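S.K.: Just need the structure, nothing else, for what follows:
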Amino acid sequence: MIESPQSFIVSTECQKAAERHGFRRRLGEDNGWAAFQSTTAQGTIWIASGGASGPWFLALDHGGVIEEIRLNLVPLDGPGLGRFRFDDLRELYEVLPQVYGLAASLPDRPLRTFQTIVRDLPRSTEAERLVVQRIGQNIFRESLMDYWRGRCPLTGITDPALLRASHIVPWSECESNADRLDVHNGLLLSALWDAAFDRGLVTFGDDGTPEFSPNLSERGRDELRWHSQIPLTNDHRSRLAQRRTRIRAKS
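M.R.: Numbering: from 1, shown residues only. Okay, here's the model as predicted:
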């Protein structure tokens, strides 16, 4: 089922697929599986094929990515923790950007980046602490852009200037920097949705469907257009439940 060793055509296509999606370090081939890594994303990916016309196979060793790409695993021997099958290269190319985005933001890369940047920065004054906070918020936004693939999941908007990194549990209420920078504590929302979410005028149910506050006007609700539910993980759901409890306590 797996071409081994890879032919020139298969090897070239594997290289192109990996390089075009951020995995530019080729580690070699074993039993028909070509391994690749990235300098900016965690884990290793392997790509294999049944031949020049496919099918194509992808193996991953990042458990968080495997869980969140929501594809069916195939019972195929090979490297990594899980393997997936694609009928053609187009299908493989559609998945690889998501794999990279998740691998670049899960599970603790934002925190490690933040710790490296601010390690030697002073924090004795309020102004210095605000600088550190701003750095963390910028890293958080970049990580959400990777995680959500630069797209508001509700509206489909992809203009960076119109997208906001929305904390579920606010920065000031998080117990640690790990919580503040966890991508599961954030949603990438268009500016209008972010404003409504930040002010408690809208939240989201466990299925990712918007839930509107009675304090939101009918006109405001009509202007909050959306076409897709937000694909939430259990980590998102638990934080949204915590947020709903906090909002009810304040009302």
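
S.K.: Just the residues contacting the helix or strand harbouring residue 101, thanks.
M.R.: For residue 101, the element it lies in under DSSP states H and E is helix 89-105. With contact meaning Cβ atoms under 8 Å, 6 or more residues apart in numbering, helix 89-105 is reached by 13, 17-18, 20-23, 38, 40-43, 45, 47, 54, 56, 58, 60, 62, 64-65, 68-69, 71, 84, 86, 143-144, 146-149, 183. Heads up, the C-betas are built off the backbone N, CA and C, glycines and all.

S.K.: what comes up buried for it?
M.R.: 89, 91, 92, 96, 98, 99, 100, 101, 102, 103, 104, 105 (16 or more other Cβ atoms under 10 Å).

S.K.: One more: stretch 180-199?
M.R.: 180-190, 192-197.

S.K.: Among the residues you listed, which lie within helices?
M.R.: 180, 192, 193, 194, 195, 196, 197 (DSSP state H).

S.K.: The first one is in contact with residue 173, isn't it?
M.R.: Read it as residue 180. No: between residue 180 and residue 173 there is no contact under Cβ atoms under 8 Å: 9.5 Å.

S.K.: quick one, strands of the stretch 101-250 of the chain?
M.R.: Using DSSP state E, counting those that start in this stretch, the strands of the stretch 101-250 of the chain run over 163-167, 186-190, 202-204, 210-212.

S.K.: Show the secondary-structure elements that the third one is packed against.
M.R.: Strand 202-204 sits against helix 191-198, strand 210-212, helix 234-250, with contacts defined as 3 or more Cβ pairs under 8 Å, 6 or more residues apart in numbering; DSSP states H and E.

S.K.: Give me the angle between the helix or strand harbouring residue 17 and helix 89-105.
M.R.: Residue 17 is part of helix 8-19 when elements are defined by DSSP H and E. Between the axes of helix 8-19 and helix 89-105, defined by axes from the mean of the first three to the mean of the last three Cα atoms, to 10 degrees, the angle is 40 degrees.

S.K.: and the buried residues of helix 89-105 as TSV, adding pLDDT?
M.R.: Listed next are the buried residues of helix 89-105 as TSV, based on pLDDT from 0 to 100:
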residue	pLDDT
89	96
91	97
92	97
96	97
98	95
99	97
100	96
101	94
102	94
103	94
104	92
105	93
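
S.K.: now, which of those residues sits nearest residue 123?
M.R.: Nearest to residue 123 among these is residue 105, at 25.3 Å by Cβ to Cβ.

S.K.: Tell me the secondary structure at residue 45.
M.R.: Here residue 45 is recorded as strand under DSSP: H, G, I helix; E, B strand; the rest coil.

S.K.: quick one: it from residue 72, how far?
M.R.: From residue 45 over to residue 72 the distance is 18 Å, taken as Cβ to Cβ, to the nearest Å.

S.K.: Residue 204 now?
M.R.: 26 Å.

S.K.: List the contacts of the spatially most central residue of the chain.
M.R.: The chain has residue 147 as the residue nearest its centroid, 1.8 Å off, counting by Cα atoms, centre = their mean. By Cβ under 8 Å, 6+ apart, the residues touching residue 147 are 101, 102, 105, 106, 183, 186, 188.

S.K.: try 6 Å this time
M.R.: Contact partners of residue 147, counting by Cβ atoms under 6 Å, 6 or more residues apart in numbering, are 101, 105, 183.

S.K.: tell me the average confidence for stretch 67-78?
M.R.: The average pLDDT within stretch 67-78 is 93.

S.K.: Can you spell out the domain ranges of this protein, please?
M.R.: 8-105, 109-250 (automatic domain parsing).

S.K.: Give me whichever of those is most buried.
M.R.: Greatest average neighbour count among those goes to domain 8-105 (a mean of 18), per mean count of other Cβ atoms under 10 Å.
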